[in-house]
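J.: structure of the sequence below:
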Amino acid sequence: MIIAIKDFEKYISELNKNTVDNPYIIELDLRDKKDFKSLNTILKDNKNENKYVHLDISNSIIDEIPNDAFSQVKTLAGITITKRITSIGEYAFSGTSLTVVTIPDKVTSIGKGAFCSCSRLIKISILNGVTRINGFVFDKCINLASISLPDSVNIIENYSFWNCSNLTNITIPKNVSIIEDSVFPSCTSLTAINVDSENKTYSSMDGVLYNKNKTVLFKYPEGKTDYTFTVPNTVIKIWENAFYHCTNLSQVIIQEGILTIENNAFLNCSNLIRIIIPNSLTSIGSLAFNRCTSLDFSSLNIPDNIRIFR
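T.: Just a heads-up that it's a prediction; the model follows:
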């Protein structure tokens, strides 16, 4: 039975309370963006507290899910999205109780923070269509363990996966050409950032993210359990935030040939005791070793030719 929005308030009022793991599956007919505002208000009403729902809007004629559509609707435990949808607005599902989500292939845009603070979300599949993973889109999805990014993606913005503390690995698709500096902060279980072999901009070795010819080290995953890491001798630059919060590392060996260590490169590496710096290094960025509380700075042996060290 398909429920019209005008009948939804009465329909849900007659339902009994249930649990998040056993939601009512309700098929809705949505015809206008304004219907989402009505839905949000009804679902947040105190009368409907603890009435968890999986909304099936697959037969609705709408083509977008607007900003804040279901924001902070704690009783939304599932969603089936119509294949007509082309965009999902900012914070559209933030703070909901979604666990598994599939984004249809006609969706080309997922707004900033669209799924942030979905603490029960464990898996999301994005079908081919989305071109950009916007900032904060999965922020604080603390149980997200699996995500499939499509080949249509070409940009991954800062803080896209901030605080995804249960995410263990991710594969960068072949058409991604821009990964911003701080995509994975506080992903404390992340052990591998893999890259499609056909990608022309990035590469991966032992789960560490580099540019294609491995002259730039972009990101060492926070969750890697190795105590020692040797930077490959092809690397001439260590990128900003490359080793952010890598608290398992106690020693890093940087080989001859390195030229630049960028700002905040080793920020919050609180157990880093020793780092070997070669004479080829010419530049160290601001706060490169900030909050490395175990590091003996007197032993760094900074080369005389260093231009910046703050």
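J.: stretch 220-235: end-to-end distance?
T.: 13 Å (CA to CA, to the nearest Å).
J.: buried sites along it?
T.: Neighbour-count burial for stretch 220-235, counted by 16 or more other CB atoms under 10 Å, picks out Tyr220, Pro221, Glu222, Gly223, Lys224, Phe229, Val231, Val235. Every residue, glycine included, has its C-beta placed from N, CA and C.
J.: out of the residues you listed, which is nearest to Leu272?
T.: Nearest to Leu272, judged by CB to CB, of the buried residues of stretch 220-235 is Phe229 at 10.1 Å.
J.: run the chain-centre distance for the helix or strand bottoming out on mean pLDDT in the chain.
T.: Taking mean pLDDT, DSSP states H and E as the measure, strand 146-148 is the helix or strand of the chain with the lowest mean score, a mean of 90. Distance, stretch centre to chain centre, for strand 146-148: 10 Å (CA atoms, centre = their mean, to the nearest Å).
J.: strands paired with whatever helix or strand comes next after it, and their directions?
T.: Next along the chain after strand 146-148, taking DSSP states H and E as the criterion, comes strand 155-156. In the sheet, strand 155-156 lines up against strand 132-133 (parallel), strand 178-179 (parallel) (DSSP bridges).
J.: quick one: mean pLDDT over the first one.
T.: Spelled out, it's strand 132-133. Mean per-residue pLDDT for strand 132-133: 96.
J.: quick one: the helices in the protein, in order.
T.: Under the criterion DSSP state H, the chain contains helices at 5-13, 34-44.
J.: sorry, back to before: farthest pair in the buried residues of stretch 220-235?
T.: Longest span within the buried residues of stretch 220-235, CB to CB: Gly223 and Val235, 21.1 Å.
J.: now do stretch 283-302, average pLDDT.
T.: Averaging pLDDT along stretch 283-302 gives 89.
J.: do the same with stretch 253-264
T.: What stretch 253-264 shows for mean pLDDT is 96.
J.: equivalent analysis for stretch 228-245, please.
T.: Here the average pLDDT along stretch 228-245 is 98.
J.: ok, His245 touching Ser186?
T.: Yes. Using CB atoms under 8 Å, His245 is in contact with Ser186, at 6.7 Å.
J.: tell me, what's touching the two both at once?
T.: Glu222 (CB atoms under 8 Å, 6 or more residues apart in numbering).
J.: what about the nearest residue in space to Ser38 that is not next to it in sequence, how many residues nearby?
T.: Of all residues not flanking Ser38 in the chain, Ile5 sits nearest, at 5.8 Å (CB to CB, 6 or more residues apart in numbering). By other CB atoms under 10 Å, 18 other residues sit near Ile5.
J.: which residue lies farthest from the center of the chain?
T.: Most distant residue from the mean C-alpha position of the chain: Asp304, 39.9 Å away (CA atoms, centre = their mean).
J.: domain-wise, how is the protein divided?
T.: Per automatic domain parsing, the domain ranges recorded for the chain read 1-167, 208-310.
J.: is it possible to export the ones you listed to CSV including distance to Glu180?
T.: Compiled in CSV, the domains of the chain are given as follows (distance: least, CB to CB, whole Å):
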stretch, distance to Glu180
domain 1-167, 4
domain 208-310, 10
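J.: can you tell me which of these the model trusts least?
T.: domain 208-310 (a mean of 93).
J.: what's the distance between that domain and the middle of its chain?
T.: Relative to its chain's centre, domain 208-310 lies at 24 Å (CA atoms, centre = their mean).
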